[in-house]
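Chemist: Fold the following for me, if possible:
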Amino acid sequence: IGASALANCRNLKTIVLPNNLKRIDALAFYNSPIKEILIPANVTTIVASAFDECSNLININVEEDNKNYSSVDGVLYDKEQLAIIRYPKGRTETSIIIPDTVTTIGDNVFAACTNLTVIELPNDLLTIGNASFSGCTGLTEIVLPERLISIGNNAFSACGNMKSIVIPNSVTSIGNEAFYNCRKLVSAQLPNNLESLGSSVFYGCYSLESIEIPSSIVYVPQSAF
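Modeler: From the prediction side, this is the model:
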């Protein structure tokens, strides 16, 4: 399915994907009202943004014999469940516990999932992708695990009700606009081993009272705050 092939199909209710389908491209279902989808066994590639703005999507299911992807309770993972790929935006639960096997949270996984107030991250998580939690306005805090290495661009941008964040010392890289426009963020603790601080990382954090820049940082972008 090509990029934007079914985007903005406002009357689309159900869809049956062909068995020989191999790729679902960027924004393929963008802003369509589908509630559930079954990924066929032969699909080898799903671009992260394929389901952006699918506000009614509740379940992404995967045929069991698919060699690349799997589904747990309607949430999309890779086959080994080392990476969570997409949490359907239309779900109404307020909390989720991500499986202990997961080491990577992909791009846009929880973007604009405003119902979530609690997201429990696995202890062995290493990477938080771009815009993973962007616009999760229900979050007031989140506990980042001690093995985390990197936080992507816009990872927590526009989390308007987040009040505090402690970034573990294992983190060496924080991407551009990672906490952009977190308007209620009062305190943020940066890790001692941080090597890279992105541009506009705390821009728009009007409630931020103080922050200590670790000595490991040799350059602070002009727009960081």
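Chemist: Next up, the contacts around residue 141.
Modeler: By Cβ atoms under 8 Å, 6 or more residues apart in numbering, the residues touching residue 141 are 162-165. For glycine as for every other residue, the C-beta is placed from the backbone atoms N, C-alpha and C.
Chemist: Roughly how far does residue 65 sit from residue 138?
Modeler: In this view, residue 65 and residue 138 are 36 Å apart by Cβ to Cβ, to the nearest Å.
Chemist: Same question for residue 56.
Modeler: Distance, residue 56 to residue 138, using Cβ to Cβ: 18 Å.
Chemist: Those two - which one has more neighbours?
Modeler: Neighbours around residue 56 and residue 138, counted as other Cβ atoms under 10 Å, are more numerous at residue 138. The numbers are 18 against 13.
Chemist: list the contacts for the more buried one?
Modeler: Contacts for residue 138 (Cβ under 8 Å, 6+ apart) come out as 94, 113-117, 161.
Chemist: Of the contacts of residue 141, just the buried ones, ChimeraX syntax please.
Modeler: Only the buried entries of those go into this ChimeraX selection, using 16 or more other Cβ atoms under 10 Å:
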select :162,165
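Chemist: returning to what we had before: can you tell me which of the contacts of residue 138 has the most neighbours?
Modeler: Neighbour counts for the contacts of residue 138, by other Cβ under 10 Å, peak at residue 113, which reaches 22 neighbours.
Chemist: Do I have it right that that residue meets residue 89?
Modeler: Yes. Residue 113 lies in contact with residue 89 (Cβ atoms under 8 Å); the separation is 5.7 Å.
Chemist: Nearest the geometric middle of the protein, what residue?
Modeler: The chain has residue 132 as the residue nearest its centroid, 1.8 Å off, counting by Cα atoms, centre = their mean.
Chemist: wait, isn't that one in contact with residue 108?
Modeler: Yes. Using Cβ under 8 Å, residue 132 is in contact with residue 108, at 6.9 Å.
Chemist: one step back: mind giving me TSV with the contacts of residue 138 and columns for pLDDT and distance to residue 219?
Modeler: Converted to TSV, the contacts of residue 138 look like this (pLDDT from 0 to 100; distance: Cβ to Cβ, whole Å):
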residue	pLDDT	distance to residue 219
94	96	40
113	95	34
114	95	35
115	95	38
116	96	34
117	96	36
161	96	31
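Chemist: Now distance to residue 207 and secondary structure too, for those residues, in CSV please.
Modeler: Compiled in CSV, the contacts of residue 138 are given as follows (distance: Cβ to Cβ, whole Å; DSSP: H, G, I helix; E, B strand; the rest coil):
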residue, distance to residue 207, secondary structure
94, 24, coil
113, 23, coil
114, 20, coil
115, 24, coil
116, 21, coil
117, 19, coil
161, 11, coil
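Chemist: which of those residues lies closest to residue 153?
Modeler: Residue 153 lies nearest to residue 113 out of the contacts of residue 138, by Cβ to Cβ, at 18.2 Å.
Chemist: if I pick the closest one, what's in contact with it?
Modeler: Applying Cβ under 8 Å, 6+ apart, the residues near residue 113 are 87, 89, 91, 135-136, 138.
Chemist: To what extent is residue 198 buried, counted in neighbours?
Modeler: Residue 198 is flanked by 22 other residues according to other Cβ under 10 Å.
Chemist: surely it meets residue 175?
Modeler: Yes. If you go by Cβ under 8 Å, residue 198 and residue 175 touch, sitting 4.5 Å apart.
Chemist: what is in contact with the two at once?
Modeler: Residues touching both residue 198 and residue 175 (Cβ under 8 Å, 6+ apart) are residue 153.
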